[in-house]
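J.: Generate coordinates for the sequence data below:
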Amino acid sequence: MKFPYRLRTMCYIEVSNAGEVTHGTDGGTYQRVHSGESRLFAVWPGEWSSHLFAIDDLDQYARALGLVHDEKRTGLADHEHQVRWATSQFENKPQGAYINIDLWLDCGCNIRDLAVFAKQMREQKGWEIATSRGWGSSGTDDKGYTYSIRARRTSLTQ
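T.: Alright, predicted model coming up:
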């Protein structure tokens, strides 16, 4: 079983070599633990008890939380994506703030992590991809995988 690093109820505790205790996690936490300045623990809360784990695989932790890029997990290479899109045939509010679009990646990538794809599109194209709602993909056709996602209409450019 893989450790559920991204579980919403997971609580991370960092303990510095000087004994200072903090909670939460960010890139700074990863750097301090990686350099040996502190140790990292995770509390996995249960219904009747909680379990404490020492995080000893920092590479897996960093990839799971998106602190370092993980092409295998996300399906997305760390490059400028070749993207085509069209308004979905199921869009019923074409003037709404967010619209449903069909999207194709011509660069050979696959979207397995919508949050990572949204971050890449924001950085590369200025697009605002919705990550709070469902999304999907359908099998290949002559265009490749078709991804159905929502994006802020005004942020999209061809």
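
J.: Quick one: distance of the host helix or strand of Leu103 to the chain centre.
T.: Leu103 is located in strand 98-105, with elements delineated by DSSP states H and E. Centroid separation for strand 98-105 versus its chain: 18 Å, with Cα atoms, centre = their mean, to the nearest Å.

J.: What helices and strands are in contact with that strand?
T.: Judged by 3 or more Cβ pairs under 8 Å, 6 or more residues apart in numbering; DSSP states H and E, strand 98-105 is in contact with strand 83-87, strand 144-152. Backbone N, C-alpha and C define where each C-beta goes, glycine included.

J.: Can you add mean pLDDT and mean neighbour count and give the ones you listed back as JSON lines?
T.: Shown next, in JSON lines, are the helices and strands packed on strand 98-105 (pLDDT from 0 to 100; neighbours: other Cβ atoms under 10 Å):
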{"stretch": "strand 83-87", "mean pLDDT": "92", "mean neighbour count": "15"}
{"stretch": "strand 144-152", "mean pLDDT": "89", "mean neighbour count": "18"}
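
J.: about what we covered before: and after the strand holding Leu103, which helix or strand comes next?
T.: helix 114-125.

J.: okay, the helices and strands packed on strand 98-105 in JSON lines with distance to Asp106 next?
T.: Formatted as JSON lines, the helices and strands packed on strand 98-105 follow (distance: least, Cβ to Cβ, whole Å):
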{"stretch": "strand 83-87", "distance to Asp106": "6"}
{"stretch": "strand 144-152", "distance to Asp106": "7"}
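
J.: how about those, which one is nearest Leu7?
T.: strand 144-152 (23.9 Å; Cβ to Cβ).
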